[in-house]
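Trainee: sequence below, structure please.
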Amino acid sequence: MSVIHIGIFDEQKLVQEGLSILLSDTKDIQVAITATSEKILFEKLNSSLIHVLLINLHKIDVSISNLIFEIRNKFPKLRILIISANDEEDMILKTIKSGANGFLASDSDRKELLEAIYALRNGHDYYSNSITHLLLNKYISRLQTKDKVNSSIGNLSSREVEIVRLWGESNTNKEIADKLFISVRTVESHKNHIMQKLNLKTTVDLLKFAIKNNIIEI
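Mentor: A predicted model of the protein is given here:
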């Protein structure tokens with residue numbers, strides 16, 4: 001794979017340097033630009049080829065949502081990864097709605113940062129484990145309120161809803177099987193049926209579908 005060019009946006013230079021150090025010994029990842037202001041960021045994005053932009057957020061408001069939206073419009077091929085110690089549900093959903101392709105929460109480590117960068121560069125979205133579980137559980141709570149769910153989702157059985165709930169709580173297939181007194185193969189079969197009914201391939205697809213179709217409200 002060719003070198004992945006990274007941009008880092010944060011008002012604090014210390015944070016920029018910390019992220020740069022985390023990525024410095026990875027041969028196929030290069031920090032190409034850093035910016036402490038929106039003006040500098042857009043100037044550098046206009047003159048440099050950046051594959052993945054890391055945005056470290058301390059809070060989110062209308063200006064941040066507009067920034068993400070503007071970046072997506074001006075640089076549609078650029079992938080945006082949000083990093084934030086603030087992992088409140090409302091904040092996560094707003095960044096995704098604005099066009100972010102990934103979100104790393106406060107419990108993420110260097111390994112997840114690298115996984116996220118590679119995933120985004122390959123055209124996939126990426127959410128850290130805690131974010132995936134939070135959004136999946138939110139999806140299930142809405143799914144259980146049938147009158148609020150779009151009919152295109154499909155009709156999941158009560159057992160399938162239970163499978164997804166346990167799945168969203170980080171249970172392994174073996175743990176789900178033990179809790180429901182069924183075999184691991186049956187759990188796997190249920191998961192396949194769930195994704196087929198929803199016409200989705202991955203958990204990330206499920207979350208994106210739920211957000212885009214307002215099953216998860218912000």
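
Trainee: contacting residues for Ala177?
Mentor: Counting by CB atoms under 8 Å, 6 or more residues apart in numbering, Ala177 touches Ser183, Val184, Thr186, Val187. From N, CA and C alone the C-beta is placed, and that goes for glycine too.

Trainee: residue contacts, the third one?
Mentor: Counting by CB under 8 Å, 6+ apart, Thr186 touches Ala177.

Trainee: how close does it get to Ser108?
Mentor: 33 Å (CB to CB, to the nearest Å).

Trainee: show me how the chain divides into domains.
Mentor: Annotated domains of the chain cover 4-127, 132-212 [automatic domain parsing].

Trainee: would a markdown table of these with mean pLDDT be doable?
Mentor: What follows is the domains of the chain, written out as a markdown table (pLDDT from 0 to 100):
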| stretch | mean pLDDT |
| --- | --- |
| domain 4-127 | 89 |
| domain 132-212 | 72 |
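
Trainee: how close does the residue nearest the centre of the chain get to Leu53?
Mentor: In the chain, the C-alpha nearest the mean C-alpha coordinate belongs to Tyr127, at 2.9 Å (CA atoms, centre = their mean). Distance of Tyr127 to Leu53, computed by CB to CB: 17 Å.

Trainee: next one: Lys179
Mentor: Note on Lys179: its distance to Leu53, by CB to CB, is 41 Å.

Trainee: look at these two and report which has more neighbours.
Mentor: More neighbours surround Leu53 than the other of Lys179 and Leu53, with 25 against 13 (other CB atoms under 10 Å).

Trainee: residue most distant from the centroid, this structure?
Mentor: Phe181 (32.1 Å).

Trainee: on that earlier part again, what bridges to the residue nearest to the centre of the chain?
Mentor: Note on Tyr127: beta-bridge partners by DSSP bridges are Phe103.

Trainee: pretty sure it sits against Ser108.
Mentor: No: assessed by CB atoms under 8 Å, Tyr127 is found out of contact with Ser108, at 9.9 Å.

Trainee: name the SS class of Glu188, please.
Mentor: helix (DSSP: H, G, I helix; E, B strand; the rest coil).

Trainee: now it: closest residue in space that isn't a chain neighbour?
Mentor: Leaving aside its sequence neighbours, Glu188 sits nearest to Asn173 (CB to CB, 6 or more residues apart in numbering; 6.1 Å).

Trainee: also Asn171?
Mentor: Ranked by CB to CB, 6+ apart and with sequence neighbours excluded, the top spatial neighbour of Asn171 is Lys179, at 7.1 Å.

Trainee: contacts for the helix or strand Ala116 falls within?
Mentor: Assigned by DSSP states H and E, Ala116 belongs to helix 110-121. Residues outside helix 110-121 that contact it (CB under 8 Å, 6+ apart): 1, 4, 6, 22-23, 26, 29, 51-52, 79, 81, 83, 101-102, 104, 108, 125-126, 128-129.
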